[in-house]
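Colleague: I'll drop the sequence and a predicted model, then ask my questions.
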Amino acid sequence: MDNKVILTMRGISMTFPGVKALDNVDFTLRQGEIHALMGENGAGKSTLIKCLTGINAFEAGEIRVDGIDGPVVNHSTLDAQKKGISTVYQEVNLCPNLSVAENLFIGREPKTKLGTIDWREMTKRSEKIMKDLDMQVDVTQNLEEYSLALQQMIAIARAVDMDCKVLILDEPTSSLDDNEVMKLFTLMRQLKEKGVGIIFVTHFLEQVYEVCDRITVLRNGKLVGEYPIADLPRVKLVAAMMGKDFDDLASIKSEETPKFSDEDILIDAQGLSHKGKIKPFDLKIHKGEVVGLTGLLGSGRSELARVIYGADKNQTGTLQVNGKEEKINAPIDAMKLGMGLLPDDRKAEGIIGDLSVRENIILALQAKRGVFRLLPMSKQVEIADKYIDILQIKTASRETLIKQLSGGNQQKVILARWLATDPDFLILDEPTRGIDVGTKTEIQKLVLQLAGEGKSLIFISSEIEEMLRTCSKMAVLRDGEKVGEIVEDLSQETVMKAIAGGDGNE
């Protein structure tokens, strides 16, 4: 593809306090190409976009835009827009209470000779924009009358009408259904024909192969490489994003696969779903079984677990617990059925920083008992001391505020919180993220110990090796859909091929 280069970013580096967010990253965009920017969470995709659009100031490197002499530094998104660089985010940042026409021309309304807004001209120009993009929209209606997908397309139409050469679509399909995604892709292809260069930030692999020409992969703030789509089969893309290479995959010998009988089923989910996040799925979990949920970040691992637990209410399907159909409307219902959830974001959803270690540990047990049956202080102390000892939580005392503990020890406190409720079924979402190797091993041993006691667990981790050490089967997720289960041949290669989809040659 010898299309004209319209954007080059060279040697872009940026540091947040204590973290090198971007380290000498290059990126090139050509006219009339759809270019995927890929990488796991924390890879640096958003930071690179923000450096381009003037939200972040970068320390080193240079940006050049076709038609502008010399390096470009944008100081705001408006600055970037004036140079032909527009961004449409996952959350549409338009005004729902204004008409489509008003949204299209916000801040640049056509004026009459008297200096007032020329409504007729604005309507006429808005209708032309919509017609040019094949969109059937009444431009006099309020934006809120239209679906999220249409609102997103209107945001794109606005960007395009402002003469953008570079259109950045940041996770635009996260809240759209399949039909809406197809419409968006049609629009993207039309813009490509018109010579617009599109940077497509997404975590949906299927969509990348459906619509993109090239892929740039980032990992840990560094450039892994830029590839024409034909040269990067899915398995290789997954390997590039995760930092694995098929030639040196360490095979971890698993023990005999445990056998479970149908009488032992604790959780039986049939057709559970949550709109826009997770498509209908079936999952059976036996007593004493550790089921791994695997897939790239954003594949729906956490969402699937949250639907079972009732943190996100299911819209379809049924859930049986111990052979009995149960309605879980909220997490408290799940807790009363003997379930626990260790969330992946311990800062936002786990710890309560201004409470002590003791108070954080007894929180779930107290919630389960209800507000009128307070745990006696002697019992609280006994429970806190027991788990501080079992989990080797490093804290000055049980009354130390949890926010003063290290991340790994905070994680152990939240684990203690759920163990104190003596759950039959425990969901651990990234339980070892950001903690030291020694503590990771302790948590992995604990998972196997709990399974040995007959408890059932869902284990979610970005590290395939640790899942292979702990899980007896893995459910594979891709783009919000459970696409398979691996029981027999649990190896790093089979798991990565399943995550990538197909046989790795497509």
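Modeller: Great, that's in hand.

Colleague: now find how far off-centre stretch 8-25 is within its chain.
Modeller: Relative to the centre of its chain, stretch 8-25 is centred 22 Å away, using Cα atoms, centre = their mean, to the nearest Å.

Colleague: other residues contacting it?
Modeller: For stretch 8-25, the external contacting residues (Cβ atoms under 8 Å, 6 or more residues apart in numbering) are 26-29, 44, 47-48, 51-52, 56-64, 218, 221-223. No exception for glycine: its C-beta is placed from N, CA and C like everyone else's.

Colleague: try 6 Å this time
Modeller: By Cβ atoms under 6 Å, 6 or more residues apart in numbering, the surrounding residues in contact with stretch 8-25 are 26-28, 44, 47, 51, 58-64, 221-223.

Colleague: ends of it, how far apart?
Modeller: 11 Å (Cα to Cα, to the nearest Å).

Colleague: sketch out the low-pLDDT regions of the protein for me.
Modeller: 1-2, 18, 41-42, 90-92, 174-175, 177, 244-259, 345-349, 434-439, 502-506 (pLDDT under 70).

Colleague: neighbours around residue 141, how many?
Modeller: Per other Cβ atoms under 10 Å, the neighbour tally for residue 141 reads 12.

Colleague: go on, residue 139?
Modeller: 21.

Colleague: ok, and the most crowded of the contacts of stretch 8-25?
Modeller: Neighbour max across the contacts of stretch 8-25 (other Cβ under 10 Å) = residue 51, 26 neighbours.

Colleague: check contacts around that one.
Modeller: 12, 58.

Colleague: host element of it?
Modeller: Here residue 51 sits within helix 45-53, counting by DSSP states H and E.

Colleague: repeat that for residue 7.
Modeller: strand 5-16.

Colleague: for the stretch 251-400 of the chain, just list every one of the strands.
Modeller: Chain-ordered strands for the stretch 251-400 of the chain, with DSSP state E, counting those that start in this stretch as the definition, fall at 265-274, 278-286, 290-294, 316-321, 324-326, 339-342.

Colleague: would you confirm that residue 45 contacts residue 37?
Modeller: Yes: with contact defined as Cβ atoms under 6 Å, residue 45 counts as touching residue 37 (5.1 Å).

Colleague: mutual contacts of those two, please.
Modeller: residue 201.

Colleague: from residue 367, how far out is the residue nearest the centre of the chain?
Modeller: Closest residue to the average C-alpha location of the chain: residue 298 at 3.3 Å, with Cα atoms, centre = their mean. To residue 367, residue 298 is 30 Å away according to Cβ to Cβ, to the nearest Å.

Colleague: what of residue 156?
Modeller: 45 Å.

Colleague: thinking again about what came up before, buried set for the helix holding residue 51?
Modeller: Neighbour-count burial for helix 45-53 flags 45-53 (criterion: 16 or more other Cβ atoms under 10 Å).

Colleague: compare residue 156 and residue 367 (neighbour count), which wins?
Modeller: Ranked by neighbour count (other Cβ under 10 Å), residue 156 and residue 367 place residue 156 first, with 25 against 15.

Colleague: if you skip the residues just before and after it, what's nearest to the more buried one?
Modeller: Spatial nearest neighbour of residue 156, excluding adjacent residues (Cβ to Cβ, 6 or more residues apart in numbering): residue 88 at 5.3 Å.

Colleague: list the contacts for that neighbour?
Modeller: The contact partners of residue 88, taken as Cβ under 6 Å, 6+ apart, are 155-156, 159, 169.

Colleague: want to try a markdown table for the strands of the stretch 251-400 of the chain, with mean neighbour count and distance to residue 135 as columns?
Modeller: Converted to a markdown table, the strands of the stretch 251-400 of the chain look like this (neighbours: other Cβ atoms under 10 Å; distance: least, Cβ to Cβ, whole Å):
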| stretch | mean neighbour count | distance to residue 135 |
| --- | --- | --- |
| strand 265-274 | 19 | 29 |
| strand 278-286 | 20 | 27 |
| strand 290-294 | 25 | 38 |
| strand 316-321 | 16 | 31 |
| strand 324-326 | 12 | 45 |
| strand 339-342 | 25 | 42 |
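
Colleague: nearest to residue 469, out of those?
Modeller: Residue 469 lies closest to strand 290-294 among these, at 9.9 Å (Cβ to Cβ).

Colleague: so how far is that closest one off the chain centroid?
Modeller: The chain centroid and the centroid of strand 290-294 are separated by 17 Å under Cα atoms, centre = their mean.

Colleague: before we move on, what about stretch 360-375?
Modeller: Counting by Cα atoms, centre = their mean, stretch 360-375 comes out at 32 Å from the chain centroid.

Colleague: repeat that for stretch 390-402.
Modeller: On Cα atoms, centre = their mean, the centre of stretch 390-402 falls 32 Å from that of its chain.

Colleague: what of stretch 297-317?
Modeller: Relative to its chain's centre, stretch 297-317 lies at 13 Å (Cα atoms, centre = their mean).

Colleague: and stretch 334-342, by the same measure?
Modeller: Worked out by Cα atoms, centre = their mean, stretch 334-342 lies 24 Å from the chain centre.

Colleague: what residues does that stretch touch?
Modeller: 309-310, 321, 328, 368, 414, 418, 421, 423-428, 431.

Colleague: hmm, 7 Å instead?
Modeller: Here stretch 334-342 makes contact (Cβ atoms under 7 Å, 6 or more residues apart in numbering) with 305, 309-311, 321, 326, 328, 331, 364, 367-368, 414-415, 418, 421, 423-429, 431.

Colleague: just the buried residues of those.
Modeller: Buried among these (16+ other Cβ under 10 Å): 305, 309-311, 321, 326, 328, 331, 364, 368, 414-415, 418, 421, 423-429, 431.

Colleague: please tell me how far residue 131 sits from residue 100.
Modeller: For residue 131, the distance to residue 100 - Cβ to Cβ - is 13 Å.
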